[in-house]
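[1] just coords:
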């Protein structure tokens, strides 16, 4: 708002305007794609800025042609509900992983740390990061809650919880299933099958009294917990964590996984937190676990930072401001705008209040011109912010910009896109991807991809085959359904 106010004063001759349009970061192809896009959609009435010759970016350094492209994956459904958005995140992550593998194969000198994946929001960031990891791409999801959501931290904290109190079933199962315990799903099922009543700890303790192989394995596991329980009464929390990391082999195990350096940094951060906890005068494993739970509920800890780690950076567009990367993927572009709902009875904007009045005779809430005007201003302001977000995302790339999103009926909609778009079409767009489709020029080649190759077989949602009919069962069911009350 302050910038637009100063810009308006400069346009009236009240202030001097100096345009800093030279871009020393991006290659020519990236700059051309940005200019073509925003020259078409950014107007004074929408965006607050006229994207004219003074606003256009100019390449500030010679050389570096770069490359920009737009990739649309068919959605296959008309409505982008919660389930569809979650599936879109997985599909786009698999597409990005395939693109990264291709880029690495074409340029062996390209490092994972040269690549960033920008998301509009953190809603499905963890799902996106997990899918990248499953497809062999080491990544670091920069989000407030990312530290406690990482698997290695969850497992290790569960180990500490079980050492403090082994009767907690969920942490106990987590540690037993992990490499620290070494129990398979089949063994855990056998434990519960043998003792179906009581807690899982009671069932496992009863099995540990047996002389068979499973009983001996359980006895060794509980002896290990008892040993570390005794150690926790003698050692500081920092010393106990260090001992566990050294003796369980868990630290070395996570180090050889995808993104191992980042995972080890998360465990190192837990050691640092234990040190800081005890420097404050607190003591004891139970008190430390309570401290962690409180910090987790307040999101006090972010993910451990490893600037030197060779991992793909996964972060929101807002957090990417001021950063630059040789290769940038901008994803989730097909997500619909979160525009102000016109069903809200009270609207606040620019020091004004718009409220529906109550028609007492009809017993209804009715709208009025003031509230409708405020609603329009709010929507224009929100869409202007979406434009600025897209501008930030596209200008983070140095040499290669890859834009990606999901859209239903992509071929039909791209063919129908008006060029240049009308103000009504711009305001009616429901997503960033819609803007890109209607504004792209020759500088932004379009690629439409089928959805099927990026879906796993079990995600195809095919109806399961019906089992063969059994006459005896069919007859019994018919008899039961035909029964009537006397």
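    The structure has been received and is ready for your questions. Remember, predicted model here, so these are calculated numbers, not experimental data. Numbers count the residues shown, from 1 in each chain.

[2] where are the low-confidence patches of the stretch 101-250 of the chain?
    Low-confidence segments of the stretch 101-250 of the chain (pLDDT under 70): 142-147.

[3] that one: helices as residue ranges?
    Per DSSP state H, counting those that start in this stretch, the stretch 101-250 of the chain carries helices over the ranges 125-134, 146-149, 151-164, 169-177, 185-194, 200-208, 213-234, 237-248, 250-255.

[4] which elements pack onto the fifth one?
    Translated: helix 185-194. Judged by 3 or more CB pairs under 8 Å, 6 or more residues apart in numbering; DSSP states H and E, the packing partners of helix 185-194 are helix 169-177, helix 200-208, helix 213-234. For every residue, glycine as well, the C-beta is placed using N, CA and C.

[5] ok, residues contacting that helix?
    When contacts are defined by CB atoms under 8 Å, 6 or more residues apart in numbering, helix 185-194 is touched by residues 173, 176-177, 200, 203-204, 206-207, 214, 217-218.

[6] quick one: which of the helices and strands packed on helix 185-194 is nearest residue 473?
    Among the helices and strands packed on helix 185-194, the nearest to residue 473 by CB to CB is helix 200-208 (34.0 Å).

[7] for the residue nearest to residue 397 when sequence neighbours are not counted, give the beta-bridge partners.
    Spatial nearest neighbour of residue 397, chain neighbours left out: residue 328 (3.8 Å); criterion: CB to CB, 6 or more residues apart in numbering. Applying DSSP bridges to residue 328 gives these bridge partners: residue 116, residue 401.

[8] surely residue 328 is in contact with residue 402?
    Yes - between residue 328 and residue 402 a contact is recorded at 7.1 Å, counting by CB atoms under 8 Å.

[9] more neighbours: which of the two?
    residue 328 (28 against 23; other CB atoms under 10 Å).

[10] where exactly do the strands run in the protein?
    For the chain, applying DSSP state E gives strands covering 22-23, 58-59, 67-74, 115-119, 139-141, 312-316, 325-330, 346-349, 352-355, 357-359, 364-366, 397-407, 446-449.

[11] okay if I get those strands as JSON lines plus distance to residue 229?
    Converted to JSON lines, these look like this (distance: least, CB to CB, whole Å):
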{"stretch": "strand 22-23", "distance to residue 229": "60"}
{"stretch": "strand 58-59", "distance to residue 229": "64"}
{"stretch": "strand 67-74", "distance to residue 229": "52"}
{"stretch": "strand 115-119", "distance to residue 229": "42"}
{"stretch": "strand 139-141", "distance to residue 229": "34"}
{"stretch": "strand 312-316", "distance to residue 229": "38"}
{"stretch": "strand 325-330", "distance to residue 229": "47"}
{"stretch": "strand 346-349", "distance to residue 229": "56"}
{"stretch": "strand 352-355", "distance to residue 229": "61"}
{"stretch": "strand 357-359", "distance to residue 229": "65"}
{"stretch": "strand 364-366", "distance to residue 229": "63"}
{"stretch": "strand 397-407", "distance to residue 229": "50"}
{"stretch": "strand 446-449", "distance to residue 229": "54"}
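
[12] and of the ones you listed, who's closest to residue 268?
    Closest approach to residue 268 among those (CB to CB): strand 139-141, 14.5 Å.

[13] and the closest one, what does it pack onto?
    helix 125-134, strand 312-316.

[14] just the buried positions in the longest one, please.
    By that I understand helix 125-134. Going by neighbour count (16 or more other CB atoms under 10 Å), the buried part of helix 125-134 is 125-133.

[15] show me which of those is closest to residue 91.
    Using CB to CB, residue 131 comes nearest to residue 91 of those, at 8.8 Å.

[16] that closest one: what's it in contact with?
    Applying CB under 8 Å, 6+ apart to residue 131 gives the contacts 89-90, 93-94, 97.

[17] can you read off the pLDDT for the residue nearest to residue 397?
    We have a pLDDT of 97 for residue 328.

[18] before we move on, what about the one 4 residues further on?
    According to the predicted model, the pLDDT of residue 332 comes to 93.

[19] would you mind measuring from the residue nearest to it when sequence neighbours are not counted to residue 179?
    For residue 332, ignoring the flanking residues on the chain, the nearest one in space by CB to CB, 6+ apart is residue 120 at 4.8 Å. Going from residue 120 to residue 179 by CB to CB, to the nearest Å gives 36 Å.

[20] who's more crowded, the two?
    Ranked by neighbour count (other CB under 10 Å), residue 120 and residue 179 place residue 120 first, with 24 against 12.

[21] next, the contact list for the more buried one, please.
    Residue 120 makes contact with 316-317, 332-333, 335, 389, 432, according to CB under 8 Å, 6+ apart.

[22] closest to residue 165 out of the strands of the chain?
    Of all those, strand 139-141 sits nearest to residue 165, with 30.8 Å by CB to CB.

[23] so the residue positioned nearest the centre of the chain versus residue 267, what's the distance?
    With distances taken as CA atoms, centre = their mean, residue 125 lies nearest the centre of the chain, 0.6 Å away. Per CB to CB, residue 125 is found 21 Å from residue 267.

[24] now do residue 96
    27 Å.

[25] neighbour count: the two, which is higher?
    Shown here are residue 96 and residue 267; by other CB under 10 Å, residue 96 has more neighbours (25 against 22).

[26] give the contact list for the residue lying closest to that one once chain neighbours are set aside.
    Once flanking residues are discounted, residue 96 sits nearest to residue 329: 5.2 Å by CB to CB, 6+ apart. Contacts for residue 329 (CB under 8 Å, 6+ apart) come out as 96, 99, 115-118, 402-404.
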